[in-house]
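Asker: Got a predicted structure plus its sequence, pasted below:
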Amino acid sequence: MSDEILSLIYTFSRKFNDPNTNLAFEPKNKNISAVFKNGNVNVALSVSSKNDEPYKDISRLLRKNIEQIPGVLSVNIIITSNTKIKNDFEKKFQIDAKNIIAIASGKGGVGKSTFAVNLSVALQSLGMRVGLLDADIYGPSIPRMIGFGKKPEMNSDKKLIPIENYNLKCMSIGFILEDDAPTIWRGPMVMKALEQMFNGVDWGKLDYLIIDLPPGTGDAQLTLAQSSKLSGSIIVSTPQDVALADARKGINMFKKVNVDILGIVENMSYFICDNCNEQHFIFSKDGAKKEAEKFKVPFLGNIPIDKRLREQSDEGIPACIDNPDGEISKQFITIAKELNQRL
Ligand SMILES: Nc1ncnc2c1ncn2[C@@H]1O[C@H](COP(=O)(O)OP(=O)(O)O)[C@@H](O)[C@H]1O
Ligand SMILES: [Mg+2]
């Protein structure tokens, strides 16, 4: 029944041509999609032009027709401009950076931002010009971690000037939004905000752009990953099974869109007790390392759970700045050196 109804829907829709591309709205046209479930019809028309007026007429006529189909209880037609933003985004991905590295994780709270900040500082300490882009639109934490909350200013080309601290050029939605403003954004708005962070920012010439991605494998991650300019990605995970299961999804996403996986970092690997000075494997042992072997991707190292590292993040003084000779900072620097050699 649902197939019959769908085919009736397309019988109506193929009578209309997309005003922009002149192609009929038939099933093979990517700019229309129709779903029928429990008597409800959802149709999405992707608009590839700024002028959506002609689409509104089509939408009205289409609705009238679909409503007549026996068995249809409700009709919902949306006009989206997703495609346009996505296409523009990919086209306009214009940053003058020799290497662009995305830092990803399946789960939130595993230390992705901590790693992104310290890797950036470590690369900078090797003499590189580094930009740090906080693409975690929903939970931007770079402003706090680099100890900066000032709003960025605009240059004469109406581009935002990145906030500079510790010789890093940083941009984050967190610089622009109020501290505790809820970020309830829809897909196209997220894309628009991300696009702004690339092209609306005066990044200048960079050796590295480090992107702190939002956790997971949603639309934003995919769009960013698909941009062919990524030199590669780094996956951060704790050794725990639930984190690894999600990290795996991240690895598969990057593989699917042919983005090189530069390596896996295991964070919160163990805790050294002040009293007994022994390593305690709180989130299990070597999980991320084994995962790297399984997927045949480089294992970049493991970072212990460290109270000072957490404090440094909260205070806005990255470990690699606060105590560059410390054990953990040395690990970040080793990883930076290895990457720098490979790229
Ligand atoms: N190795 C670590 N030892 C102690 N605290 C850590 C460590 N890594 C991260 N943290 C802390 O855990 C919290 C989550 O880390 P964060 O980098 O924000 O994760 P994500 O970006 O993946 O959500 C932060 O408060 C951070 O300071
Ligand atoms: Mg984060």
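Answerer: The structure has been received and is ready for your questions. Ligands and ions are numbered 1, 2, ... in the order given.

Asker: Give me the three-state assignment for Ile100.
Answerer: Assigned by DSSP: H, G, I helix; E, B strand; the rest coil, the conformation of Ile100 is strand.

Asker: Tell me who's in contact with the residue nearest to it when sequence neighbours are not counted.
Answerer: Distances taken as Cβ to Cβ, 6 or more residues apart in numbering place Leu209 nearest to Ile100, at 4.6 Å, with adjacent residues excluded. Where you see a C-beta, it was placed from the backbone N, CA and C, and this is true even at glycine. Neighbouring residues of Leu209 by Cβ atoms under 8 Å, 6 or more residues apart in numbering: 95, 97, 99-101, 130-133, 203.

Asker: what's the farthest-apart pair in the residues you listed?
Answerer: Ile101 and Trp203 (14.4 Å; Cβ to Cβ).

Asker: How many residues are close by the one residue in the stretch 151-300 of the chain that gets nearest to ligand 2?
Answerer: Proximity of the stretch 151-300 of the chain to ligand 2 (Cβ to the ion) peaks at Asp212, 6.0 Å away. Around Asp212 sit 29 other residues, with neighbours defined as other Cβ atoms under 10 Å.

Asker: need the helices for the stretch 201-343 of the chain, in chain order.
Answerer: Ranges of helices in the stretch 201-343 of the chain, per DSSP state H, counting those that start in this stretch, are 219-226, 241-256, 287-295, 307-315, 319-322, 327-342.

Asker: hey, which of those helices is tucked in deepest?
Answerer: By mean neighbour count, with neighbours taken as mean count of other Cβ atoms under 10 Å, helix 319-322 ranks first of those at a mean of 22.

Asker: which other residues reach it?
Answerer: Applying Cβ under 8 Å, 6+ apart, the contact partners of helix 319-322 are 118, 121-122, 125, 166, 308-309, 312, 315, 326, 328-329, 332-333.

Asker: Recalculate using a threshold of 6 Å.
Answerer: Outside helix 319-322, the residues that touch it by Cβ atoms under 6 Å, 6 or more residues apart in numbering are 118, 121-122, 166, 309, 312, 328-329, 332.

Asker: Could you do stretch 292-311 as well?
Answerer: Outside stretch 292-311, the residues that touch it by Cβ under 6 Å, 6+ apart are 251, 261, 263-271, 289, 319, 328, 331, 335.

Asker: Just flag the most distant two among those residues.
Answerer: Taking Cβ to Cβ as the measure, the contacts of stretch 292-311 reach their widest spread between Ile261 and Phe271, a distance of 27.4 Å.

Asker: Contacts only, for Leu230.
Answerer: With contacts defined as Cβ under 6 Å, 6+ apart, Leu230 is in contact with 100, 102, 259.

Asker: Give me the buried entries from these.
Answerer: 100, 102, 259 (16 or more other Cβ atoms under 10 Å).

Asker: any idea of the mean pLDDT for stretch 299-317?
Answerer: Per-residue pLDDT values across stretch 299-317 average out to 96.
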